[in-house]
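A.B. asks: model this:
(2 chains)
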Number of protein chains: 2
Amino acid sequence: MYDYVIHNGTIVSVDENFSIFEDGLICVLEGKISYVGKKKDSLPKARNYLDLNGSIVMPGLINTHSHIPMTIFRGLADDLPLMTWLNEHIFPAEATHIRPETARKGSLLGCIEMLSSGTTTVCDGYFHEDEACNALFETGLKGVLGQGVIDFPAPGVPDPSKNIEYVADYLDKWLTISPKIKPSVFCHSPYTCSENTIRKAKELAQSKGVLFQIHVSETKFEFDNMVKENGKSPISYLDSIGVLDKMTLLHHCTWTNEKDIDILKRSNAKISHNASSNMKLASGVAPVTSFLEEGIVTGLGTDGPASNNTLDLFLEMNIAAKLHKVSSLDPTLLNAEEMVKMATINGAKALGLDLETGSLEVGKCADMIVIDTNKPHLTPVYNPVSHLVYAVKGSDVSTVMIDGKLKMENNELKGIDSEKIMQDVSELSKIIKNG
Amino acid sequence: MYDYVIHNGTIVSVDENFSIFEDGLICVLEGKISYVGKKKDSLPKARNYLDLNGSIVMPGLINTHSHIPMTIFRGLADDLPLMTWLNEHIFPAEATHIRPETARKGSLLGCIEMLSSGTTTVCDGYFHEDEACNALFETGLKGVLGQGVIDFPAPGVPDPSKNIEYVADYLDKWLTISPKIKPSVFCHSPYTCSENTIRKAKELAQSKGVLFQIHVSETKFEFDNMVKENGKSPISYLDSIGVLDKMTLLHHCTWTNEKDIDILKRSNAKISHNASSNMKLASGVAPVTSFLEEGIVTGLGTDGPASNNTLDLFLEMNIAAKLHKVSSLDPTLLNAEEMVKMATINGAKALGLDLETGSLEVGKCADMIVIDTNKPHLTPVYNPVSHLVYAVKGSDVSTVMIDGKLKMENNELKGIDSEKIMQDVSELSKIIKNG
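C.D. replies: As a prediction, the model looks like this:
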């Protein structure tokens, strides 16, 4: 007797062979996938049946980079140079308005946005990260959540000399609470953290066996400045201070030369690619096709909702696939299958979660999403994979299952008061707007 | 007594001052806008009231380039070099499957996709274009619809020597049927039509006072080849044969040099920019910021659904805004206001329809769309214009009015059997899939 039998739809499994099962079958027991493949002569017995009505089911998407609480600043300032945006809008807004209760409200909003657009696992980095953890715990998402480390006074960490201490306490707390919430160390960047801070943060992450995240080589300015000051590229610098290994996730890597790529390959560090953010902030085009050619694990991220301005990974797949084709003038690059992998299994690999999620395979967690294809813009369906990248929007996700539990069914989030969450942030935005 | 009074929402008027009215008011009488602006002390009398509940209302979007019937090939072939895609997939599929009844089915599907994602006016070009006209007429969209001219046997025009004759008959027919359906001459391109054909097609368009459309300078290959064969760029070539004037709409202009831009400026020709298509087919990045700096009228287009793969102009705004920022490494370029103008009033100017549509102003047709902002990914709202470009999806359009008549209300298309239209194309796709 299964908990769920899911049938009558197309399964995009994202297993090693990228198997697709038309009119397939998935069986779920105790939060895990017990069967995935062709349908059987008769439907297995189950407590619940999910009839897909010809829709597509695929692994839940994995967002490898965000700053979830920043939903409260979504659309606050756009079309500005990066430094104006940061120094005149975002940093002052954060200093004034980020407190535990606002981080909590923003995180809840981010969680319902991600759930309703098909993301089941997210890697985050921010301050008051306890609140992001709480929000994920409450809404049922999975995450790797990094408490921020920066050498400036920051929300919740007014004394930067205590930033490592603070993140150590955070790790100790969240390492024991839930297997769905994995704490992490989120070191802001090589230009906002000293060498000593970065080393200590990585040592702490290593000693606790958690993921170490850092923004790096996001802009040409950052790249050029690091070369000028240290005679090294940002990635070469991080390598030289010993923080690159398989438990390091590098956000952006927009400006990356051949030597950097060799370092990334050798060190086994992972990358989060954020096409929308890099385009909107005019940071540059990361050499993603080179990363993939060299076998460097590269996932997709939305970056924070203040610089994107959404958390929709379907939009990221669409945009990233197109960006790299046009920037190389080669339409065969980053094909639909590669994009779907980046948003699922490669994201899971980047976060060290590929044994438990990122594909629909026996023994893995039942983390999956249903895309309702009975819509004009998804008609007809010749190739479900092409649709996922070039036609589907986050709003086409109708049903979301995490660990075998339905979090959204037929576009209704379950057990979550979305109206209240949206209202809370709308009210908060009136205060933020007035400074 | 007005027909409609629309209230309790934010109006993005796209008038000359780009006026925005929070808690504004629109009054509609006999298909036209009678009032737009601040709310009055009491609501004017009307037969119908539309309470926006805090949503955004804006002009209906204007798609300046598509091949609507090609919805039947959506996702048939992707991630391929342009010539492989065309010669091995699209041209054979067209030769075998495009007939009046299939063009009709595909056009109806395109119309419901456009309506439900906020497009109220479309410029199209294809064969059997009568069927696109019929579909628009039936579903209530407005359009400038061009019958195709090409020097090869084409669907419905097996003898290319009769292509001008055929389009002349088409113009005569549709010039008198409905003011909402404006016929046009759609000359395929300088590389598929002889100089003589292009001249004759333009002469015909001029004699009838209709828009002349042509694909030009889409790829580097096309540009280089034209220079090699004629010693001229494609745009310079079109200029030399006298077909560029204010009633000419050029699709793509991806490869455009400074001299070309001077020609475009002097000739007053209009441009349709198709960011998604140019990216997905790896055609290149059109110098849109230069076009705008020089005052060349530039609208947005989706191109056909076989090469995009959707007809969602909100996605086009999002992608185009980001593309030009990153390709110039300047985040201030193509800001949200400019993008909204491109998708509305500039599109109307490109089609010669700016006296009747493209903005919410007194005397213009009541062509408008409502965006439901009560959704997680659109919360909070600091700046409605930024939201329209960076956060809204076509699926957020809840209500569509054309000429003062509701075509969609609260996400339900009115008087259109969408299920039947989708089913017809799904069944057709099974035949196409089998060759």
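A.B. asks: Please make it C-alpha for all contacts and neighbour counts, starting now.
C.D. replies: OK.
A.B. asks: Does A:Lys40 belong to a helix, a strand or coil?
C.D. replies: coil (DSSP: H, G, I helix; E, B strand; the rest coil).
A.B. asks: Now it. Nearest residue, chain neighbours left out?
C.D. replies: Excluding its sequence neighbours, the residue lying closest to A:Lys40 (Cα to Cα, 6 or more residues apart in numbering or on different chains) is A:Leu25, at 7.6 Å.
A.B. asks: Return the residues in contact with that neighbour.
C.D. replies: With contact taken as Cα atoms under 8 Å, 6 or more residues apart in numbering or on different chains, A:Leu25 is in contact with A:Val5, A:Ile6, A:His7, A:Asn8, A:Gly9, A:Ile11, A:Tyr35, A:Val36, A:Gly37, A:Lys38, A:Lys39, A:Lys40.
A.B. asks: and if you look at A:Gly404?
C.D. replies: Per Cα under 8 Å, 6+ apart, neighbours of A:Gly404: A:Asp3, A:Tyr4, A:Val28, A:Leu29, A:Glu30, A:Gly31, A:Lys32, A:Cys365, A:Ala366, A:Asp367.
A.B. asks: and if you look at A:Ala168?
C.D. replies: A:Leu204.
A.B. asks: What distance do you get for it to chain B?
C.D. replies: Distance, A:Ala168 to chain B, using Cα to the nearest Cα, to the nearest Å: 33 Å.
A.B. asks: Confirm for me that A:Ile98 is in contact with A:Pro155.
C.D. replies: Yes: counting by Cα atoms under 8 Å, A:Pro155 is a contact partner of A:Ile98 at 6.0 Å.
A.B. asks: Which residues does stretch A:363-375 contact?
C.D. replies: Here stretch A:363-375 has contacts from A:28, A:31-34, A:52, A:54-60, A:118, A:120, A:355-358, A:360, A:379, A:381, A:392, A:396-404, B:422, using Cα under 8 Å, 6+ apart.
A.B. asks: meant to ask about stretch A:339-347
C.D. replies: Counting by Cα under 8 Å, 6+ apart, A:14, A:59-64, A:272, A:297-300, A:313, A:317, A:320-321, A:354, A:357-359, A:385, A:388-389 sit against stretch A:339-347.
A.B. asks: Scan the contacts of A:Leu25 and report the most crowded one.
C.D. replies: A:Ile11 (28 neighbours; other Cα atoms under 10 Å in any protein chain shown).
A.B. asks: Sheet partners, orientation included, of the helix or strand the residue nearest to A:Lys40 falls within?
C.D. replies: Assigned by DSSP states H and E, A:Leu25 falls within strand A:24-29. Partners of strand A:24-29 in the sheet, by DSSP bridges, are strand A:2-7 (antiparallel), strand A:32-38 (antiparallel).
A.B. asks: Give the next helix or strand downstream of the last one.
C.D. replies: Sequence-wise, the next helix or strand downstream of strand A:32-38 (DSSP H and E) is strand A:46-51.
A.B. asks: buried ones in that next one?
C.D. replies: A:Tyr49 (16 or more other Cα atoms under 10 Å in any protein chain shown).
A.B. asks: That one versus strand A:24-29: what angle between them?
C.D. replies: 150 degrees (axes from the mean of the first three to the mean of the last three Cα atoms, to 10 degrees).
A.B. asks: so what does strand A:46-51 touch, helix or strand wise?
C.D. replies: strand A:2-7 (3 or more Cα pairs under 8 Å, 6 or more residues apart in numbering or on different chains; DSSP states H and E).
A.B. asks: so after the strand it packs on, what's the next helix or strand?
C.D. replies: Toward the C-terminus from strand A:2-7 - assigned by DSSP H and E - lies strand A:10-12.
A.B. asks: helices and strands around that next one, which ones?
C.D. replies: strand A:20-21, strand A:24-29, strand A:56-59, helix A:384-390.
A.B. asks: hmm, back to that, quick check on the contacts of stretch A:339-347: which are buried?
C.D. replies: Buried among those by 16+ other Cα under 10 Å: A:14, A:59-64, A:272, A:297-300, A:313, A:317, A:320-321, A:354, A:357-359, A:385, A:388-389.
A.B. asks: Near chain B, list only the ones from these.
C.D. replies: A:Ala321 (Cα under 8 Å from any Cα of the partner chain).
A.B. asks: Please parse chain A into its domains.
C.D. replies: If you go by automatic domain parsing, the domain ranges for chain A are A:2-60+A:365-413, A:61-350.
A.B. asks: Going by proximity to chain B, name the top residue of the stretch 51-200 of chain A.
C.D. replies: Nearest residue of the stretch 51-200 of chain A to chain B: A:Asp79, at 4.6 Å (Cα to the nearest Cα).
A.B. asks: which non-adjacent residue is nearest that residue?
C.D. replies: Per Cα to Cα, 6+ apart, closest to A:Asp79 is B:Thr332, 4.6 Å.
A.B. asks: Going by distance to chain B, which of the contacts of A:Leu25 wins?
C.D. replies: A:Gly9 (15.1 Å).
A.B. asks: Could you confirm A:Ile90 falls within a strand?
C.D. replies: No: read with three-state DSSP, A:Ile90 is helix and lies in no strand.
A.B. asks: For it, the count of nearby residues, please.
C.D. replies: A:Ile90, neighbours per other Cα under 10 Å, totals 19.
A.B. asks: For it, give me its contacts.
C.D. replies: A:Ile90 neighbours (Cα under 8 Å, 6+ apart): A:Phe73.
A.B. asks: thinking again about what came up before, the residue nearest to A:Asp79 should be in a strand, yeah?
C.D. replies: No: counting by three-state DSSP, B:Thr332 is not part of a strand but coil.
A.B. asks: Help me confirm that it comes into contact with A:Leu80.
C.D. replies: Yes: B:Thr332 is in contact with A:Leu80 according to Cα under 8 Å; the separation is 5.2 Å.
A.B. asks: does the residue in the stretch 301-435 of chain A that chain B sits nearest to sit in a helix or strand, and which one?
C.D. replies: Of all residues in the stretch 301-435 of chain A, A:Val326 sits closest to chain B, at 4.2 Å by Cα to the nearest Cα. If you go by DSSP H and E, A:Val326 is part of helix A:313-328.
A.B. asks: pretty sure A:Glu337 is touching A:Val385, no?
C.D. replies: Yes: using Cα under 8 Å, A:Glu337 is in contact with A:Val385, at 6.4 Å.
A.B. asks: Leaving out sequence neighbours, find the closest residue to the closest residue to chain B within the stretch 151-300 of chain A.
C.D. replies: Proximity to chain B, evaluated over the stretch 151-300 of chain A using Cα to the nearest Cα, is greatest for A:Ala282 at 4.2 Å. Spatial nearest neighbour of A:Ala282, chain neighbours left out: B:Val326 (4.2 Å); criterion: Cα to Cα, 6+ apart.
A.B. asks: quick one on the thing from earlier: the residue nearest to A:Lys40 pairs with what?
C.D. replies: A:His7, A:Gly37.
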